[in-house]
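Chemist: This is a predicted model, with the sequence first.
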Amino acid sequence: MDKISNSNRVSLLRNNWLACLVVIAAIPVVVHLTNDYRSGSEFGWDVRVNCAAVEAHANGLNPYYVKNLKDTNLSYPYLPVTLDAFRPLCVDGFLTRHYRGIYLAVAALSVLLLCSFGISRRSLGDVCLKALCVFGGFAGFEWALVTGNFAAISGLLTALALSLFLSGLSAQEKNSGNEAPFAPYAAGAAVFGLLISLKVIFLPLLLSFYFLPLSRRRKIILMVVAAVCFAAPGLISLLFYHDLFFSWIDAITGQIPGQHSPALEGCNPSLLCLGQAVSENSGLVHQKLVGTLFYGFAATLLVIGPLAGSLVRLVRNERMSDDRSFLQRLDRLLIERPRLAMRVAVLSMFALYLCAPRLKEYAYFELAIYAAALIVDLPATAIAAVLAGTVVAPILAMQTHNPFVSTYGQTAAALFCFWIVLSDLDPSVFGLRESKKP
């Protein structure tokens, strides 16, 4: 009885400690979001561009020429098919006037989707942790709210895809010993493909499907499903918006003279821009080439390499006695330990997203969605570190007058979060102890 009482007392103490930490971390998030919500009309420039493009298209003008857009000097970056898809949102300026409230509702819906299913436990405390991570993680949602960028919608689709994957995991565990249900995974892959079609640079994220707890044949099918859904909007745009499709290519590649283009934008908080900044300050010749090489080196050394090394150690720690290949042993490990597989899959999505070139400030909202799916499975000390590094630190970095810190604070926070989650998955990364089995 004393042991039970002591256990309950420790659990209660842990919950109270985490609750206090969540409240403290939530204060600056609430203050910043409140200020952004009450901000004037000078913010929300991306949503105005998007709705101006929809209006120009409805009036028979080419929306990829900035001169045809009202009250903006920015260009429209999305595929032509989205012009009709977004039209209901922009009717009579509804989205432009009310986007802040809509985005807050979208973020709240993302939290509910992530809480529908979980890799492990679900409780009120976990809901609060996920909510804090979604609304405050990496300051991504704050940037989406300030700019009005449709990253808020991308974040919602990310949460929906993860929810479908996690629902497949839940059904898989209930049908222990039987073949895993495929429909939720296929639906999640389809949503994922549509999501990536909005931002082509995130196509490598499909590789993370290999770590799902399914047979190799089914995982390849999922990749095909996602690839088809990724290609469908582009094919529809090419077939039914033929002239606009090539104008879109010219706009995003900077081929239209005298106007803004995503390809011509300055530095942003990504590993690629960090590499270019380092090469420019070093005074070396061929700075662009050196910056690209540094980007590849940093992505491999800080993200891809450690993740791959941890996977190798996880497979080796199983000490399987047969002579099967590494991939066969990995497939067996992922199927036999589906919760581990799902954590590896989500972490690999986080890693590949983080390595994407030219990652914008508001795109970190989607990284926060991935982090929210992972954070509740961490021990208390790791949760404290993640909250400090991913919620509080980026807000403080935004307030500094140092351009380097304010620009790359989000990148550093995302790397910190990645390493914390990876060290929990494979503590031998730091040489602490053997990997544990979730």
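Modeler: Okay, I see it.
Chemist: Let me see the contact set for residue 226.
Modeler: With contact taken as Cβ atoms under 8 Å, 6 or more residues apart in numbering, residue 226 is in contact with 189-190, 192-193, 196, 206, 209. (Glycine included, C-beta is placed from N, CA and C.)
Chemist: Who wins on neighbours among these?
Modeler: Tallying neighbours with other Cβ atoms under 10 Å puts residue 192 at the head of the contacts of residue 226, with 29 neighbours.
Chemist: doesn't residue 205 make contact with that one?
Modeler: Yes: counting by Cβ atoms under 8 Å, residue 192 touches residue 205, with 7.4 Å between them.
Chemist: helices and strands of the chain: which one bottoms out on pLDDT?
Modeler: helix 2-37 (a mean of 70; mean pLDDT, DSSP states H and E).
Chemist: still on that earlier bit, just name the closest of the contacts of residue 226 to residue 310, please.
Modeler: Nearest to residue 310 out of these is residue 209 (Cβ to Cβ; 18.4 Å).
Chemist: Distance of that closest one relative to residue 217?
Modeler: Distance, residue 209 to residue 217, using Cβ to Cβ, to the nearest Å: 12 Å.
Chemist: Break down the stretch 101-250 of the chain into its helices, ranges please.
Modeler: 124-136, 140-147, 151-174, 183-198, 216-240, 242-252 (DSSP state H, counting those that start in this stretch).
Chemist: which strands and helices sit next to the last one?
Modeler: In other words, helix 242-252. Packing contacts for helix 242-252, counted by 3 or more Cβ pairs under 8 Å, 6 or more residues apart in numbering; DSSP states H and E, involve helix 216-240.
Chemist: distance between the helix it packs on and the chain's centre?
Modeler: Centre-to-centre, helix 216-240 and its host chain are 20 Å apart (Cα atoms, centre = their mean, to the nearest Å).
Chemist: could you give the angle of that helix to helix 183-198?
Modeler: Interaxial angle, helix 216-240 versus helix 183-198 (axes from the mean of the first three to the mean of the last three Cα atoms, to 10 degrees): 40 degrees.
Chemist: can you tell me the average pLDDT over helix 216-240?
Modeler: For helix 216-240, mean pLDDT rounds to 94.
Chemist: heads up, I number from 9, so please use that
Modeler: Understood, numbering begins at 9; the last thing we discussed is helix 224-248.
Chemist: Now render the contacts of residue 234 as JSON lines, adding distance to residue 79 and pLDDT.
Modeler: As requested, the contacts of residue 234 are exported to JSON lines (distance: Cβ to Cβ, whole Å; pLDDT from 0 to 100):
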{"residue": "197", "distance to residue 79": "39", "pLDDT": "96"}
{"residue": "198", "distance to residue 79": "36", "pLDDT": "96"}
{"residue": "200", "distance to residue 79": "35", "pLDDT": "94"}
{"residue": "201", "distance to residue 79": "34", "pLDDT": "94"}
{"residue": "204", "distance to residue 79": "31", "pLDDT": "91"}
{"residue": "214", "distance to residue 79": "38", "pLDDT": "92"}
{"residue": "217", "distance to residue 79": "42", "pLDDT": "95"}
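Chemist: Looking at the helices of the stretch 109-258 of the chain, which is nearest to residue 414?
Modeler: Comparing the helices of the stretch 109-258 of the chain by Cβ to Cβ, helix 148-155 comes nearest, at 12.1 Å.
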